[in-house]
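Student: Let me see the structure of the following:
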Amino acid sequence: MRNRMIQQAAASGAGINTERIDDMVQLYTGIEPNQPIYIQYINYLRDIILYQDFGESIRYSRPVFDILFEAMPWSVFISVYGLALGYTANILLGAVMAYKEGTRFDQSSTVGAILLNSIPYYVGAIVLLAIFAYNLEWFPTGGRYNTDLIAGFNVAFMVSILRHAALPILSSFIIGFGGRALAMRGNSIRILGEDYLRVARLRGISSTRIATRYVARNAILPMYTQLMIGISAVFSSSVILEYIFTYPGVGWYTYGALKARDYPLLMGSFIFFTTVTIIGILVADVTYGIVDPRASTGDKNEAF
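Tutor: Residues are numbered from 1 along each chain as shown. Predicted coordinates for the structure are as follows:
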């Protein structure tokens with residue numbers, strides 16, 4: 001941060017006052033610039049882990065932790081709901097496509113899934129905002145909720161939150177839509193050709209039980225790790241998404257910090273995204289053996 005501020009001062013043609021820059025670095029980050037770099041790093045980690053001190057935002061003159069702590073629930077709200085709806089719809093669509101393999105529905109759905117998967121999420125967000133917010137005026141153009149309402153657990157305020165979050169959630173919903181459906185379709189088709197399903201049919205097991213207990217369970221398993229890692233991908237994509245919808249979450253503050261060169265807030269946001277990614281991978285690694293017992297036993301047979 002110190003070197004960057006010196007470069008900015010030199011580029012602007014202003015005089016370089018290193019003492020003032022050192023005072024600003026220490027004020028906003030709590031780091032003593034004259035100390036060795038490894039000591040600065042250790043002290044920075046100590047402040048984060050022990051005191052949740054990420055420094056002070058240059059732009060907002062507030063502690064970074066307070067800003068991110070207030071914004072985090074809103075980002076979690078739109079990201080998790082969008083991801084959950086997206087995976088549910090993709091799994092159902094992929095299963096139906098596999099069941100109707102070779103039909104006109106399967107062919108048209110495959111083409112549609114490929115097209116949707118190729119559309120960047122920010123393009124979809126802009127289109128949704130232009131159509132449903134500006135043209136049709138069905139949804140608000142920004143904000144978390146209507147500031148004219150009394151905040152609290154009341155119907156009007158809850159409805160306002162849902163209306164403001166609808167378009168960001170829908171945009172999160174279409175991120176990667178189609179790609180996961182195609183993955184589910186491929187997994188289901190592979191499993192439908194297994195010998196143990198033929199045995200199950202010969203034993204007179206109902207089609208519903210075969211579809212839910214055998215096909216769906218085994219087809220979803222390879223997507224479980226993708227789901228946990230996808231949580232971090234959705235959070236990182238929210239940087240542009242929240243800025244498009246003017247939705248003040250962690251992504252919105254991250255983009256603003258990038259534009260304003262608010263380094264303490266930017267570093268705090270990066271730590272947040274990194275932590276979410278590590279937690280997602282860790283949870284997937286720890287729980288995959290529970291979800292799929294074959295992973296812990298080394299058995300290659302299908303899970304029944």
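
Student: Just the buried positions in the longest helix belonging to the chain, please.
Tutor: The longest helix of the chain (DSSP state H) is helix 64-99. By neighbour count on 16 or more other C-beta atoms under 10 Å, the buried set for helix 64-99 is 64-65, 67-68, 71-72, 74-79, 81-83, 85-87, 90-91, 93-99. For glycine as for every other residue, the C-beta is placed from the backbone atoms N, C-alpha and C.

Student: cool, stretch 178-193 as well?
Tutor: 178-185, 187-189, 191-192.

Student: Which of these sits closest to residue 144?
Tutor: residue 180 (28.2 Å; C-beta to C-beta).

Student: my read: that closest one touches residue 97, true?
Tutor: No: between residue 180 and residue 97 there is no contact under C-beta atoms under 8 Å: 11.7 Å.

Student: correct me, but residue 172 touches residue 83?
Tutor: Yes: counting by C-beta under 8 Å, residue 172 sits close enough to residue 83 to count as a contact (6.4 Å).

Student: mind checking how far the longest helix of the chain is from the chain centre?
Tutor: Taking C-alpha atoms, centre = their mean, to the nearest Å, one finds the center of helix 64-99 at 7 Å from the center of the full chain.

Student: Determine the set of other helices and strands touching the helix or strand just after it.
Tutor: Going down the chain from helix 64-99, the next helix or strand is helix 104-118, by DSSP states H and E. In terms of contacts (3 or more C-beta pairs under 8 Å, 6 or more residues apart in numbering; DSSP states H and E), helix 104-118 is packed against helix 64-99, helix 179-192.

Student: could you say what helices and strands the first one packs with?
Tutor: Packing partners of helix 64-99 (3+ C-beta pairs under 8 Å, 6+ apart): helix 104-118, helix 155-174, helix 179-192, helix 217-244, helix 250-260, helix 263-291.

Student: Just the CA coordinates for the fifth one, please, in PDB.
Tutor: When you say that, I think you mean helix 250-260. Output in PDB follows, covering the C-alpha atoms of helix 250-260 (Å, rounded to 0.1, in the frame of the first residue of the first chain):
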ATOM      1  CA  VAL A 250     -19.700  -7.100  -0.200                       C
ATOM      2  CA  GLY A 251     -19.300  -7.100  -3.900                       C
ATOM      3  CA  TRP A 252     -20.700  -3.600  -4.200                       C
ATOM      4  CA  TYR A 253     -18.200  -2.300  -1.600                       C
ATOM      5  CA  THR A 254     -15.400  -4.200  -3.300                       C
ATOM      6  CA  TYR A 255     -16.000  -2.600  -6.600                       C
ATOM      7  CA  GLY A 256     -16.300   0.800  -5.000                       C
ATOM      8  CA  ALA A 257     -13.000   0.200  -3.100                       C
ATOM      9  CA  LEU A 258     -11.300  -0.700  -6.300                       C
ATOM     10  CA  LYS A 259     -12.500   2.500  -8.000                       C
ATOM     11  CA  ALA A 260     -11.600   4.700  -5.000                       C
END
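
Student: For that helix, list every residue counted as buried.
Tutor: 250, 251, 252, 253, 254, 255, 256, 257.

Student: average model confidence for it?
Tutor: The average of the pLDDT scores along helix 250-260 is 87.

Student: okay, the angle between it and helix 155-174?
Tutor: In terms of direction (axes from the mean of the first three to the mean of the last three C-alpha atoms, to 10 degrees), helix 250-260 departs from helix 155-174 by 70 degrees.

Student: what's next to helix 250-260, contact-wise?
Tutor: Helix 250-260 has contacts (C-beta atoms under 8 Å, 6 or more residues apart in numbering) with 57-59, 67-68, 71-72, 75, 235, 237-243, 246, 262-263, 265-266, 269-270, 272-273.

Student: And those residues, which of them are buried?
Tutor: Buried among the contacts of helix 250-260 (16+ other C-beta under 10 Å): 57-58, 67-68, 71-72, 75, 235, 237-243, 262-263, 265-266, 269, 272-273.
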